[in-house]
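Undergrad: everything below, folded, please.
(one chain, ligands or ions: 2)
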Amino acid sequence: MTTDASDMCEVCSEAMDPDHSAFCSSCGRTFHLTWDTRLEIKDCGAFALDDQTLALYFTCVLCGGAPQEAGEQPS
Ligand SMILES: [Zn+2]
Ligand SMILES: [Zn+2]
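TA: Ligands and ions are numbered 1, 2, ... in the order given. Now for the predicted structure:
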């Protein structure tokens, strides 16, 4: 039996689903992130595409990554 800290979201301290998690590119925290917007899983961060390198990166809410709300697109 192991109690690995990586099983916890480091943003909200709730249990992680390994299939829906990401590492923050800024602070390295593991946090909740789902790719499937059909799933009702909380996001504790956001992902974005770097215009220069076209690399996908993740940012937790603590580093300014706002969860994307379906249907609301701020201009
Ligand atoms: Zn979380
Ligand atoms: Zn972070």
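Undergrad: name the surrounding residues that touch the worst-scoring helix or strand of the chain on mean pLDDT.
TA: Across the helices and strands of the chain, mean confidence by mean pLDDT, DSSP states H and E is lowest for strand 45-49: a mean of 89. Applying CB atoms under 8 Å, 6 or more residues apart in numbering, the contact partners of strand 45-49 are 11, 22, 24, 31-33, 55-61, 63, 65-68. Every residue, glycine included, has its C-beta placed from N, CA and C.
Undergrad: can you tell me which of those are in strands?
TA: Mapping the contacts of strand 45-49 onto strands (DSSP state E) picks out Ala22, Phe31, His32, Leu56, Tyr57, Phe58, Thr59, Cys60.
Undergrad: kindly export the least confident helix or strand of the chain (C-alpha atoms) in CSV.
TA: Taking Å, rounded to 0.1, in the frame of the first residue of the first chain, the C-alpha atoms of strand 45-49 are listed here in CSV:
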residue,chain,number,x,y,z
GLY,A,45,-6.0,24.5,-14.8
ALA,A,46,-5.9,24.9,-18.5
PHE,A,47,-4.0,23.9,-21.5
ALA,A,48,-2.8,26.1,-24.4
LEU,A,49,-0.8,25.9,-27.5
